[in-house]
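Enquirer: Build me a model:
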Amino acid sequence: MTDEQRARLEDIQTGPWRQMSELARQRLSALSTDDLKRYLRSHYGDEIKDKADLDFRQSFDQVLEEIQLLELAVACGFLPLDVVRPAVEPDFTALLSSKPARAYVKLYDFVPVRYLAARLSIDLDIGPSQPPPINPHAEVRYAVFLATHYEFITSARIELFTKYIDDFYFGKRRIDAGFLKRWIAGEQPSDLIADEQQVVGNGYLGFIQFTETLGDFFLQLPDPERPYFGLAYGYWLSHYFGLRRPRGRYELLGVSFEDVRIAPSLLAIDSKSDGAQAESKRFQERRTTLKSAWEGTRALIESLNGSDSGMEK
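Expert: Sure thing, here's the model as predicted:
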């Protein structure tokens, strides 16, 4: 391993996702199969409300997040497989050896985890997957992706917005994604108390930051690369467009932010000015780019699920 490769690997292994994953890393090996089935069960039709359950699942998500980042690093020529192998094989052994953990990988479409397992000849027993060829010309774009992902993961406003699109609600008024979308369009009551104003206002800013951060990133990518990088955000992109996959195919079961209108009162400048119109056009371009990236990512996910349609859903 060269010094540069060691530094690149360390950048991935010391990102904020590592600290977020510590709870799952510390507890998983001590959990029984029944405990894992409870913690990692499907939330479709069985809403997860217990804070301990939510905390463990969110931490386990970050375990899988780091593995996804390592797969993307290999696929983009950022790191060779021989460097990644000794860094990630212990995680597959210690954290992904149980049936509930592997079923979770499949259910929530952590496709790059499956790709990296295939590259390492690890059978997760959740259906076949064929990883894409390594693209040695994409390492600079991977570095841009890693910086983008750091911003995405650490943004409190994006985190709040993802809670909205993940079917959370807030306060006695049950402020949810539908409420937020109507508020952005200027269609909700203005008599919100201070706490409600804060959670809605920050939700709106999270929507803007989510769209701009990912939209600007995907705009930098060649079209053929967008679906693959989109796998890192597949869950959130599907929810952004109101889609859920409780079975093999996506269904429109949530609130879509594809067509949300922004009330003029929320704009910092005159909505009729040249600057506002240019920014509105730019924002719409980001949303269109997100939709394009998502459609390619969705095709990848659904084709993989189609290839193992005989597996238990």
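Enquirer: For residue 207, see how far away residue 184 is.
Expert: 7 Å (C-beta to C-beta, to the nearest Å). Bear in mind the C-beta positions are built from the backbone N, C-alpha and C, glycine included.
Enquirer: Neighbour count: those two, which is higher?
Expert: Remark: of residue 184 and residue 207, residue 207 carries more neighbours, 25 against 20, as counted by other C-beta atoms under 10 Å.
Enquirer: Can you get me the start-to-end distance on stretch 185-201?
Expert: 12 Å (C-alpha to C-alpha, to the nearest Å).
Enquirer: can you tell me the average pLDDT over that stretch?
Expert: What stretch 185-201 shows for mean pLDDT is 88.
Enquirer: How far does that stretch sit from its chain's centre?
Expert: 27 Å (C-alpha atoms, centre = their mean, to the nearest Å).
Enquirer: Flag every buried residue along that stretch.
Expert: For stretch 185-201, the neighbour count (16 or more other C-beta atoms under 10 Å) marks 188, 192, 196, 199, 200 as buried.
Enquirer: Tell me which two of those sit farthest apart.
Expert: Farthest pair in those (C-beta to C-beta) is 188 and 199. Separation: 12.6 Å.
Enquirer: returning to what we had before: and which of the buried residues of stretch 185-201 is nearest to residue 41?
Expert: residue 199 (27.9 Å).
Enquirer: check contacts around that closest one.
Expert: 160, 170, 171, 175 (C-beta atoms under 8 Å, 6 or more residues apart in numbering).
Enquirer: Who are the contact partners of the spatially closest residue to the third one that is not a sequence neighbour?
Expert: Once its chain neighbours are removed from consideration, residue 171 has its nearest residue in residue 196; the separation is 5.8 Å (C-beta to C-beta, 6 or more residues apart in numbering). With contacts taken as C-beta under 8 Å, 6+ apart, residue 196 has the following neighbours: 170, 171, 173, 175.
Enquirer: One more: residue 216?
Expert: So residue 216 contacts residue 286 (C-beta under 8 Å, 6+ apart).
Enquirer: Secondary structure element holding residue 247?
Expert: Using DSSP states H and E, residue 247 sits in no helix or strand.
Enquirer: what's the burial count for it?
Expert: For residue 247, using other C-beta under 10 Å, the count is 10.
Enquirer: Nearest the middle, which residue of this structure would you pick?
Expert: For the chain, residue 233 is the residue whose C-alpha lies nearest the centre (C-alpha atoms, centre = their mean; 3.3 Å).
Enquirer: I figured it hits residue 215, correct?
Expert: No - Residue 233 is beyond contact range of residue 215, at 11.3 Å (criterion: C-beta atoms under 8 Å).
Enquirer: Alpha carbons of the helix or strand residue 229 falls within, in CSV - could you do that?
Expert: With elements delineated by DSSP H and E, residue 229 resides in helix 226-230, which encompasses its position. Only the C-alpha atoms of helix 226-230 are listed here, as CSV (Å, rounded to 0.1, in the frame of the first residue of the first chain):
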residue,chain,number,x,y,z
ARG,A,226,-25.0,9.1,-12.4
PRO,A,227,-27.0,5.9,-11.6
TYR,A,228,-24.1,4.3,-9.9
PHE,A,229,-23.3,7.2,-7.7
GLY,A,230,-27.0,7.5,-7.1
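Enquirer: just to revisit the earlier point, if I look at the residue nearest to residue 171, how far off is residue 302?
Expert: Taken as C-beta to C-beta, the span from residue 196 to residue 302 is 38 Å.
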